[in-house]
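K.L.:
Take this sequence and fold it.
(chains A and B)
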Protein chains: 2
Amino acid sequence: MCQLLGMNCNVPTDIVFSFTGFATRGGRTDIHNDGWGIAFFEGAGVRHFVDHQSAIESPVAELIRRFPIKSKNVISHIRKATQGRVALENCHPFVRELWGRYFVFAHNGDLKDFNPELNGSYQPVGTTDSEVAFCYILQELRRRFDDALPTLPQMTAAIETLCSEIASHGTFNMMLSDGTALFAHCSTNLHYIVRQYPFAEAALCDEDMKVDFSEVTTPNDRVAIIVTAPLTTNETWIPFKTGELKVFIDGLPLP
Amino acid sequence: MCQLLGMNCNVPTDIVFSFTGFATRGGRTDIHNDGWGIAFFEGAGVRHFVDHQSAIESPVAELIRRFPIKSKNVISHIRKATQGRVALENCHPFVRELWGRYFVFAHNGDLKDFNPELNGSYQPVGTTDSEVAFCYILQELRRRFDDALPTLPQMTAAIETLCSEIASHGTFNMMLSDGTALFAHCSTNLHYIVRQYPFAEAALCDEDMKVDFSEVTTPNDRVAIIVTAPLTTNETWIPFKTGELKVFIDGLPLP
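P.N.:
So this is what the prediction gives:
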């Protein structure tokens, strides 16, 4: 299995603190050492980093820990291979374009007998069930809404239906973002927290590292962190329910 | 205008030497400081780095200069903005998927009155004429060959026709790769060199840096470097003809 980390904010924020704890699970405090990846939206563009090395050994991960890239939507993944060999093309997150927007996707779980009919509009490059699921979601969004970008409620309803369908084949914890919203679906393990004014200190579980967010934020900042397992010891993380899809915009889950 | 750098090899090779000279033109020895990017194929996967900072200031470019990523097909670009503002989504190279393969594309030049009809299968995310050209090429390849990967001669003929059509709108120096072949089309400026046994020493034009390739290669290695303007002072670079498309495989241009 793998682990997921997502961030959705109302102002561009760096993910150095959370990524540092998360990346430690990529081979040191946990066993997810079959590659990793991270994607940052920056306006309409995406910075996409993947590596088949473990996140604790990768020089690219070292760059991410040191170079504070600011973004309103980030998705990261550390991999413990289940389906698909250890190779760059099997590292999450995956990126594709639909309606002139980049979509970023990462998955934790394992799908059985999941062989949807792909019409060729999106085809997997690697050999993971996850990339098949991503291609299927984009194909079906395109099919339902044709060339027109749907409204957020329309897109949410469609993604909810598709996630339920895919989750009937196994475990489907996933994160998907088009740079505006971050969609997170839980089969088994997903937690989130919203950090906002008044900000407090947080301490990582996986590293001896603390940060006082009140020193690095303004009162208007709001940041949602979504992750497989809680990253900090002194904050209250809210677990997702099984089968739940949450949509995060501007650092808040929609009600 | 911008500058292009491509590499095509028979064995995975790092591009540190050539990129070091090339990146220096991104703000120091030349004026291409409106962003840069590089994409490395690694098997079927792609490592894609883009930055709106200049290549001499970018910490990501610093990583590329220090971390020898080995690849058989690399495309890099330093940008001097003509169409489209300085933003991440306008940095080349661009990446899209077709037939379950990633395609990587970068362009140097300026297209006028180029408004092809895009059917939605690929839509630009940014605002450059270059990304429109890339979307158009992939759409037309998909339309001509449907869901089946064509043979290399079929694909080459189609790309040649498309390049001629696009080049009728202005300057279209471009590089395109599907991870197997590297296609390079010249309107105005493109040069290449093939380095193979017996290897010799090369000295960069833009930096005080030399490398003796005989020390870092085996007799079987073969590397083609394609670039807007020659990178070294002591090698013979072969200029492309206007309107010429060359296809590089395993470090050699096809006859």
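
K.L.:
What residues sit buried inside stretch A:222-237?
P.N.:
A:Arg222, A:Val223, A:Ala224, A:Ile225, A:Ile226, A:Val227, A:Thr228, A:Ala229, A:Pro230, A:Leu231, A:Thr232 (16 or more other CB atoms under 10 Å in any protein chain shown). Backbone N, C-alpha and C define where each C-beta goes, glycine included.

K.L.:
What's the first helix or strand after the host helix or strand of the fourth one?
P.N.:
Read it as A:Ile225. According to DSSP states H and E, A:Ile225 maps onto strand A:222-227. Remark: after strand A:222-227, the chain's next helix or strand is strand A:238-239, criterion DSSP H and E.

K.L.:
Give the pairing partners of that following strand; include direction for each.
P.N.:
Strand A:238-239 sits in its sheet next to strand A:191-196 (antiparallel), going by DSSP bridges.

K.L.:
and after the partner strand, which helix or strand comes next?
P.N.:
Heading C-terminal from strand A:191-196 (DSSP H and E), you reach strand A:201-203.

K.L.:
Determine how far whichever helix or strand comes after that next one lies from the middle of the whole chain.
P.N.:
Next helix or strand after strand A:201-203 toward the C-terminus (DSSP H and E): strand A:210-212. Computed by CA atoms, centre = their mean, to the nearest Å, the chain-centroid distance of strand A:210-212 equals 23 Å.

K.L.:
Over to stretch A:42-61?
P.N.:
13 Å.

K.L.:
thinking again about what came up before, just the residues contacting the strand holding A:Ile225, thanks.
P.N.:
A:3-10, A:13, A:18, A:22, A:175, A:182, A:184, A:190-196, A:231, A:237, A:246, A:248, A:250-253 (CB atoms under 8 Å, 6 or more residues apart in numbering or on different chains).

K.L.:
Would you mind checking the average pLDDT for that strand?
P.N.:
Strand A:222-227 shows a mean pLDDT of 97.

K.L.:
Let me know the angle separating it from strand A:191-196.
P.N.:
160 degrees (axes from the mean of the first three to the mean of the last three CA atoms, to 10 degrees).

K.L.:
In its sheet, which strands sit next to strand A:222-227, and in what direction?
P.N.:
strand A:3-14 (antiparallel), strand A:191-196 (antiparallel).

K.L.:
And those strands: which comes nearest B:Asp30?
P.N.:
Relative to B:Asp30, the nearest member of the strands paired with strand A:222-227 by CB to CB is strand A:3-14, separated by 30.4 Å.

K.L.:
pLDDT of that closest one, averaged?
P.N.:
96.

K.L.:
hmm, who's touching the next helix or strand after that strand?
P.N.:
Counting by DSSP H and E, the element after strand A:3-14 in chain order, helix or strand, is helix A:16-24. For helix A:16-24, contacts defined as CB under 8 Å, 6+ apart pick out A:3, A:5, A:7, A:30, A:36, A:38, A:55-56, A:61, A:64-66, A:68, A:76, A:78, A:202, A:204-207, A:209, A:211, A:225, A:227, A:231-232.

K.L.:
just to revisit the earlier point, just name the closest of the buried residues of stretch A:222-237 to chain B, please.
P.N.:
Nearest to chain B among these: A:Val223, at 20.8 Å, using CB to the nearest CB.

K.L.:
and the gap between that closest one and A:Val216?
P.N.:
Note on A:Val223: its distance to A:Val216, by CB to CB, to the nearest Å, is 11 Å.

K.L.:
can you tell me which residues contact A:Arg85?
P.N.:
So A:Arg85 contacts A:Thr127 (CB under 8 Å, 6+ apart).

K.L.:
repeat that for 10 Å
P.N.:
A:Asp34, A:His52, A:Gly126, A:Thr127, A:Thr128, B:Gly43 (CB atoms under 10 Å, 6 or more residues apart in numbering or on different chains).
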